[in-house]
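Colleague: Need the 3D shape of this:
(2 chains)
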Protein chains: 2
Amino acid sequence: MINIGIIGVGTVGSSVITILNQNKDIIQARAGKFLNIKTAVVKNVSKNRDIDIKVTDNINDVLDDPSIDIVVELMGGVDEAFEVVKKALKMGKAVVTANKALLAYHRYELQECAGDIAFEYEAAVAGGIPIITALRDGLSANHILSIKGILNGTTNYMLDAMINDSVSYEYILNKAQNLGYAEANPTFDVDGFDAAHKLLILSSIAYGIDAKPEDILIEGIKNIKPDDIKFAKDFNYAIKLLGIAKKIGSKVELRVHPVLISKDKMIAKIDGVMNGISVVGDKVGETLYYGAGAGGDATASAVVANIIDIARAGKASPMLGFNKPLEDNLTLVAKNDIKCKYYVRFDVANQPGVLHSISKILSDKNISIETMLQNQKNNQRANLLITIYETYEKDLNDAIDNIKQLDFVDKTISKIRIEN
Amino acid sequence: MINIGIIGVGTVGSSVITILNQNKDIIQARAGKFLNIKTAVVKNVSKNRDIDIKVTDNINDVLDDPSIDIVVELMGGVDEAFEVVKKALKMGKAVVTANKALLAYHRYELQECAGDIAFEYEAAVAGGIPIITALRDGLSANHILSIKGILNGTTNYMLDAMINDSVSYEYILNKAQNLGYAEANPTFDVDGFDAAHKLLILSSIAYGIDAKPEDILIEGIKNIKPDDIKFAKDFNYAIKLLGIAKKIGSKVELRVHPVLISKDKMIAKIDGVMNGISVVGDKVGETLYYGAGAGGDATASAVVANIIDIARAGKASPMLGFNKPLEDNLTLVAKNDIKCKYYVRFDVANQPGVLHSISKILSDKNISIETMLQNQKNNQRANLLITIYETYEKDLNDAIDNIKQLDFVDKTISKIRIEN
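Modeller: Next up, the predicted model:
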C-alpha cells in the first residue's frame, strides 16, 4: 500500500480523489499496489466534502507523517508551494505537482532538492496530454529541433470563435468567462503568461534551459483585429497563440505570441478549447500530441498517472530530463535577437506616394517584402497588408515607428508573426 | 557503460547504429551512461557496412556474451525471433524489439518469460510515435473507452490520394510501390494485417486482451470504389483504414477496416503517409498522437528511446501493462457480434419498385435506414446510397444476399462501416 497526502482540494484535487476511488480496480492492477489517500489538506475543514478521508488544515499533518509516501501538491501559488514541496522532498517523500507557476520559477532548485526522489509534474503542461513523458522518454533519442504548442485552451477557444464565428474579442472573452474557460481577470491567459510557464517547463526537458518568464518574449492575443482575421481567412491561415521553442545551432529561441500559420499544418487544425503540441526531433521528424489541456478530470488523469508511475517504479525518473544545459553551450537567444517572418497591416489614406514612402522606409531598414496586398476600406482609406521575410523585431519596430510619422498612416498598426 | 547487441542490420538496424553514434552527446546526457553497440548480427558478414562494430553472423555471439546487457531484436519474422528473444530473456538480458508480428502472436508468452527483465517494443506500433508509453504510463489512471488508430501509413497514403487526387486504387498502389511505401506483395498492408498486429499490441496494454490476428475482424481497402469516394466527398467524410478497439461494458471489440468518418474528427485530418492514434479515456477524454509510423530513422528513434529507458531505469516497466485481462471478465466480442453503422451502395436499374423491394428486405431483417440518396448514373442505372443505423454484420450480409437476388441489382455491392 502507498499512502498519499493531498495538499489542496479544489477542482483538480477533488478529481484526483474521485479518480483514485472510482478507478481503483484498474489503478491497482496497473500500480501493483493499493493507493490510499490518507490525508487531505484543505483551507476550510468545516466545509462538507463528501469524501471519506482525514481532512486537516495543517500542512504538517502531511509533511511530518512518516507513513505518507507521496505528497500531491495542488495548493497553487509560488512561494508557499515552493516551501512545502522543498520540505516534502527533504523529508524523503515523492512529490507530484500540477503547479506550472511553481515550476516556471523554481524547477531547477526543486530538481536539485529532489535528487533521487521522484518529483513528477505531468499535469503542469497541457493537462491530460502526456507530453512530459513523450518529450522526456519517448523522444529521448532525438535532438529536439522545435516545439510548437497550443498550451492555453482559453485563448485557443477565443481565437477559434473570432475566426470561425467572426465574433469580437470582447464578446468571446465575455462568453469564455461565463463558460468558466476564462477567469474574471483574464490576463494570465490572454496575455500569454500561462502558455509561457508551460513552454519554460517543456524547454527545460528538451534543452535544459533555465529561463524565467521575464527572460522570454511573451505577447497575448488582445491586438488581433477583424481586418487581420479577414486576411488570415483569405490566405488560408489559422491564427494560433503558440508557445515556440526552436533550436538553431547552439542557440534556443523561446517565445509566446499569436502566429499566422498555414491551415494545412496539424497544429493549425486544433480548434476549440483543446491543447496540442507539435515536437520535431532530428530523427523522428514531427510528432504531435493533442487533448484536453485543462479541466479537473483531465488534469487529475495526469496527476494520478504520476502517482501510479511512482508507486510502480519506486524510484525517480529524471525530473527535468537532466543536465543544465543539456548540450554544451546551449544558450537562450535574447529577445532582441529573435528573427521572425511578419504580417503587417497599415491603415492608409488613398493618395499617391503611400506605397512608395512605406516601401522606402522598409527598404532602408533592410526589410524585404514577400507579398503585398492593398484592400480598399472606403473611398478615403485602404488596408495595406504586407508580409515580410525574416527580420529582427527591432528593425521592424524601428521601421514601423518611422512609418507612423507619415501623416497618411493610421497610428494603429497590426503586426503578427508568421510561422511556417 | 551499457553494452548492446543488435540482431538484424537492415533499414531500422542501420538507423539505430547511426542514431546512437550521431546523437551520442544527448543520449549519454539522458541515459546517464555511455551506450556501446558491441556486436551486430548480420546475414552477410562480407558486405561492407561502414560501421565500426564487431559484425558476426552467429546470433549466439550476442546471446552467449555475458557482457551484453541489452539485445535489440530487428531480425523480423515470428518463429526464429521468438526463440531468440526467449533465449535472450532467459540469459537475463533486456530486450528491445520492433517486431510487431512477433508480438501479435507471442506477446503474453514473452511477457511471462521476461518477468522482471525489461522487454520493450515502442517501435512495434506506429513507428516513432510514443504511443506505447502514452497508453501504458500517461493514461494509466483511465479506463480506456476506445482506441482508433491510423496504424498503417501505406494505406493512409493511398486513401488520401484516392480521395483528394481522385486517382484509382491500382494507380496509387503502383506509385506507393515505386516510392517504397508499399511492398511488391502489398497484401500485408492493403488487407489490414499490419494494422491488426499493431491493434492487438495496443489492446493488450489497454485491456489485457490476449487475441491473435485470426480472432479479430480484418478488412482491407481493396473494395473501395470511385462512387464510394464521391459519396464520402459529398457528405464531408474522410475514408480511413482504422484499427479500432472499443470497450462496451465488460466486452472489448477489436476490428480493422476502412471507415467513413466525419472530416471534423482529428483522426480524419491525418493525411499522407502519417500515423495517428486517438485514445479516449474515461477521465482524460480524447487524446491523439501523431507522427511518422514507418521509416528507418523514425522507427529507430523509438528503439533507441527504449534502450535509453532501460539504461536509465535498470529495471523493467511492466511490458503489456499488466494482467490478462486487466479488468475482471473483460472478454473479446466475437466477430459476428460486432454491431456497426454502415454505408451501402447498390447499383440498380432505373425502374419502378426498386426502392420498395430493397427497403422491404432491409426492414425484414430489422435494419433501420438512416439516410437514403439516389444518384442517376445514366439513363438505365442509378446508385442507391443508404446509411443504416447500428446493426449486426450478419443481418446486413443476409439482407445483401437477398437483395442480390433481385434481377435489377448489380451483384457488386459496396459496404463501408461508419464511425462517429
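
Colleague: what pLDDT does residue A:33 get?
Modeller: Each residue has a pLDDT score; the one for residue A:33 is 88.

Colleague: Tell me how many other residues surround it.
Modeller: Look at residue A:33: counted by other C-beta atoms under 10 Å in any protein chain shown, it has 15 neighbours. Where C-beta positions appear, they are placed from N, C-alpha and C, glycine not excepted.

Colleague: how big is the angle separating the host helix or strand of residue A:290 from strand B:285-292?
Modeller: Using DSSP states H and E, residue A:290 falls within strand A:285-292. Between the axes of strand A:285-292 and strand B:285-292, defined by axes from the mean of the first three to the mean of the last three C-alpha atoms, to 10 degrees, the angle is 170 degrees.

Colleague: Tell me how many other residues crowd the nearest residue to residue A:11 once chain neighbours are set aside.
Modeller: Nearest residue to residue A:11, sequence neighbours excluded (C-beta to C-beta, 6 or more residues apart in numbering or on different chains): residue A:296, at 4.1 Å. Counted with other C-beta under 10 Å, residues neighbouring residue A:296 total 18.

Colleague: what's the spacing between residue A:296 and residue A:366?
Modeller: With distances taken as C-beta to C-beta, to the nearest Å, residue A:296 is found 51 Å from residue A:366.

Colleague: What strands flank the strand holding residue A:290, and is each parallel or antiparallel?
Modeller: When pairing is defined by DSSP bridges, strand A:285-292 lines up against strand A:274-281 (antiparallel), strand B:285-292 (antiparallel).

Colleague: Pull the residues that contact the last one.
Modeller: Okay, so that is strand B:285-292. A:128-130, A:134, A:266, A:284-292, A:295, A:297-298, B:126-131, B:134, B:138-139, B:153, B:266-267, B:270, B:273-281, B:298 (C-beta atoms under 8 Å, 6 or more residues apart in numbering or on different chains).

Colleague: surely residue A:90 meets residue A:115?
Modeller: No: Residue A:90 lies out of contact with residue A:115 (C-beta atoms under 8 Å); the separation is 10.0 Å.

Colleague: hang on, the earlier thing: please save the CA atoms from the helix or strand following the strand holding residue A:290 in PDB.
Modeller: Next in sequence after strand A:285-292, counting helices and strands by DSSP H and E, comes helix A:296-313. Provided in PDB are the C-alpha atoms of helix A:296-313 (Å, rounded to 0.1, in the frame of the first residue of the first chain):
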ATOM      1  CA  GLY A 296     -10.500  18.800 -13.300                       C
ATOM      2  CA  ASP A 297     -10.700  15.200 -14.600                       C
ATOM      3  CA  ALA A 298      -8.200  15.600 -17.500                       C
ATOM      4  CA  THR A 299      -5.700  17.300 -15.200                       C
ATOM      5  CA  ALA A 300      -6.200  14.800 -12.500                       C
ATOM      6  CA  SER A 301      -5.700  12.000 -15.000                       C
ATOM      7  CA  ALA A 302      -2.100  13.200 -15.400                       C
ATOM      8  CA  VAL A 303      -1.700  13.600 -11.600                       C
ATOM      9  CA  VAL A 304      -2.800  10.100 -11.000                       C
ATOM     10  CA  ALA A 305      -0.600   8.800 -13.800                       C
ATOM     11  CA  ASN A 306       2.400  10.200 -12.000                       C
ATOM     12  CA  ILE A 307       1.200   8.700  -8.700                       C
ATOM     13  CA  ILE A 308       0.900   5.300 -10.400                       C
ATOM     14  CA  ASP A 309       4.300   5.700 -12.000                       C
ATOM     15  CA  ILE A 310       5.900   6.400  -8.700                       C
ATOM     16  CA  ALA A 311       4.100   3.600  -7.000                       C
ATOM     17  CA  ARG A 312       5.200   1.200  -9.700                       C
ATOM     18  CA  ALA A 313       8.800   2.300 -10.100                       C
END
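
Colleague: mean confidence score for helix A:296-313?
Modeller: On average, helix A:296-313 scores 94.

Colleague: Return the list of strands paired to the next helix or strand after that helix, each annotated with direction.
Modeller: Where DSSP H and E defines the elements, the next helix or strand beyond helix A:296-313 is strand A:331-332. Using DSSP bridges, the strands paired with strand A:331-332 are strand A:251-262 (parallel).

Colleague: ok, and for the strand it pairs with, which residues are buried?
Modeller: The neighbour-count check on strand A:251-262 (16 or more other C-beta atoms under 10 Å in any protein chain shown) flags A:252-261 as buried.

Colleague: now swap in stretch A:87-99 and tell me
Modeller: Going by neighbour count (16+ other C-beta under 10 Å), the buried part of stretch A:87-99 is A:87-89, A:93-99.

Colleague: and which of the residues you listed is nearest to chain B?
Modeller: Nearest to chain B among the buried residues of stretch A:87-99: residue A:96, at 11.7 Å, using C-beta to the nearest C-beta.

Colleague: Surely the closest one touches residue A:117?
Modeller: No: taking C-beta under 8 Å as the definition, residue A:96 is not a contact partner of residue A:117, at 11.6 Å.

Colleague: And for residue A:254, nearest residue in space, chain neighbours not counted?
Modeller: What sits nearest to residue A:254 in space, not counting adjacent residues and going by C-beta to C-beta, 6+ apart, is residue A:216, at 4.3 Å.

Colleague: ok, now how distant is that neighbour from residue A:341?
Modeller: Distance from residue A:216 to residue A:341, counting by C-beta to C-beta: 19 Å.

Colleague: Then residue A:327?
Modeller: According to C-beta to C-beta, residue A:327 and residue A:341 sit 27 Å apart.
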